[in-house]
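**Student:** Show me the folded form of this:
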Amino acid sequence: MLKLRESVGFQPYRSPAYANEKNLAPDKIGSLGTDNGTWNVFYLYLHDIKFDENCAKVPQTIDILKKLVPRSYMHCFFSALTPGTHITAHNGPTGKKLRVHLPLVGVNGARMRVGDETV
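**Tutor:** Okay, here's the model as predicted:
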């Protein structure tokens, strides 16, 4: 993952437009996921769409995913946040998915709020 920092493939995160209609992207393609700072993502899978070039850059990660997530549905990406970034409250359209956030680098002082609980 650390080698990806210098790699082409990161792009600004976009939520579906319905997720935050008050924070639509300037180009009207989805809504921005932050109200401060920058959130870029390196997609491996986006709702079952495989990003072949990105997956080829992280073969060990893909092998781990295949072992840990032995299902046909895949949605996975690396996030890169600039210091001070605030991700706006959001949720998916249903409660059928379990989201896992695994901090890897630079997490001192970081917080995550789920519902009314902040950790």
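
**Student:** Please make it C-alpha for all contacts and neighbour counts, starting now.
**Tutor:** Noted.

**Student:** just for this protein, where's the confidence low?
**Tutor:** 17-20, 70, 72-73, 92-93, 98 (pLDDT under 70).

**Student:** Could you rerun that using 50?
**Tutor:** Filtered on pLDDT under 50, the chain yields no residues whatsoever.

**Student:** can you pull the contacts of the closest residue to D52 other than its chain neighbours?
**Tutor:** Excluding the flanking residues, the one nearest D52 by C-alpha to C-alpha, 6 or more residues apart in numbering is L44, at 7.6 Å. The neighbours of L44, taking C-alpha atoms under 8 Å, 6 or more residues apart in numbering as the test, are K50, F51, D52, N54, C55, H75, C76, F77, F78.

**Student:** Restricted to buried residues, select the residues you listed in PyMOL.
**Tutor:** Applying 16 or more other C-alpha atoms under 10 Å to these, the buried members can be selected in PyMOL as follows:
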select buried, resi 54+55+76+77+78
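
**Student:** that older thread, what about the residue nearest to D52, which helix or strand?
**Tutor:** L44 belongs to strand 39-46 when assigned by DSSP states H and E.
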